[in-house]
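**Student:** Need coordinates for the following:
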Amino acid sequence: MRRIYTQQWGDSDGYDVLVMWGNDIKPGEDRFQAVTRKYQALQRIFLSGPWSSLLCVEQDMLLPPDALQRLAQLVADGADIAYSLYVWRYQDLHWWSAHPRITVDDAGVPWFYSMTHLPEQARARWGEPIIVDGLGLGCTLISRQTLVRLPFRQSNAEHCCDTALALDAKAEGLIQICDTGAVCGHRLDATRVIWPDPTTPTLYRIEEE
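**Tutor:** Here you go, the predicted model:
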C-alpha cells in the first residue's frame, strides 16, 4: 500500500486510489470468477467517473516508485494497455509476465509464449518497452478507450479475466506494451519475493525479507 500511495507523479491534480477489499468469494464461485466479478465492479466505477486511465495493482505486487509515470508515458505515446514486468509465481512456473505471443488452440485453450522462452532476447531488451500480446493485471495501466471497448470477462474456466483482456485486445488490434524497466516484485509468501533478473540463468531471483 505504501508503494501505491507514494508513486512519483508530476500532475498537480494527483491520482485517486480505490481499494477493492474483501467480498472475495461468494457461494458457488471459484477464485477466477470472484476476481473477474470484482474487476467488473471496478470497471463500472471507473467508467462512471472522469478518469483517463486505470492502473490495476494487485495485492501481492511490490511496485517501483516510477511505475505509474513509466506506464502513463507509454499510454500517452499510444499504448492501449501498458504492463509492468514481474514474474509468475505459480509453483515452478516462474515466467516473466511479458508475453510477446499468446495463441488459442482449436479447443479454445490459451497458450503462452513468455520472454522467458527467449532468454537472450529478454536480456538484450531489458529495460526497454516491448510490444506484447499481454499478460497480467498485477501492475497494468489501461486507457479509458480500451475499457469502453472491452469488458473484463472470462473466456476460459481455467484462466482469469487478464487472459481474456489480452486476447480481446489482440483481436481488436489494440497496442499492448510491456515496459521491462518497470520492474515489480511478486510476493511468494510472507517472507519471500520473486523479482525479474536478467543476470541469472533462470531470469529471476528470490529474496528473503
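
**Student:** Could you use CA atoms for every contact and neighbour count after this?
**Tutor:** Fine.

**Student:** quick one: contacts for the residue nearest to residue 160 when sequence neighbours are not counted?
**Tutor:** Spatial nearest neighbour of residue 160, chain neighbours left out: residue 32 (5.0 Å); criterion: Cα to Cα, 6 or more residues apart in numbering. Residue 32 makes contacts with 157-161, as judged by Cα atoms under 8 Å, 6 or more residues apart in numbering.

**Student:** Tell me the confidence at residue 32?
**Tutor:** As predicted, residue 32 sits at a pLDDT of 94.

**Student:** for residue 92, same thing?
**Tutor:** As predicted, residue 92 sits at a pLDDT of 77.

**Student:** What is the burial count for it?
**Tutor:** 7 (other Cα atoms under 10 Å).

**Student:** Also residue 108?
**Tutor:** Residue 108 has 10 nearby residues by other Cα under 10 Å.

**Student:** With residue 55 instead?
**Tutor:** 20.

**Student:** which SSE is the spatially most distant residue from the centre of the chain in?
**Tutor:** Using Cα atoms, centre = their mean, the residue of the chain lying farthest from its centre is residue 27. It sits 27.2 Å away. Residue 27 belongs to no helix or strand when elements are defined using DSSP states H and E.

**Student:** Please enumerate the helices of this structure.
**Tutor:** 2-5, 31-47, 67-76, 119-124, 144-149, 161-171 (DSSP state H).

**Student:** Contacts made by the third one with the rest, please.
**Tutor:** Where contact means Cα under 8 Å, 6+ apart, the residues beyond helix 67-76 that reach it are 7-9, 55, 81-84, 140-143, 177, 179, 182-183.

**Student:** Now do the same contact list for residue 111.
**Tutor:** Neighbours of residue 111 in contact, by Cα under 8 Å, 6+ apart: 102-105.

**Student:** Look up the closest residue to residue 206, ignoring the ones flanking it.
**Tutor:** residue 194 is the one closest to residue 206 (Cα to Cα, 6+ apart), at 4.4 Å.

**Student:** likewise residue 79?
**Tutor:** Excluding the flanking residues, the one nearest residue 79 by Cα to Cα, 6+ apart is residue 175, at 5.0 Å.

**Student:** ok, the one you found to residue 116 distance?
**Tutor:** 21 Å (Cα to Cα, to the nearest Å).

**Student:** neighbour count winner among these two?
**Tutor:** Ranked by neighbour count (other Cα under 10 Å), residue 175 and residue 116 place residue 116 first, with 22 against 18.

**Student:** That one touches residue 122, doesn't it?
**Tutor:** Yes: if you go by Cα atoms under 8 Å, residue 116 and residue 122 touch, sitting 6.9 Å apart.

**Student:** what's the spacing between stretch 142-159 and its chain's center?
**Tutor:** Chain-centre distance of stretch 142-159: 12 Å, with Cα atoms, centre = their mean, to the nearest Å.
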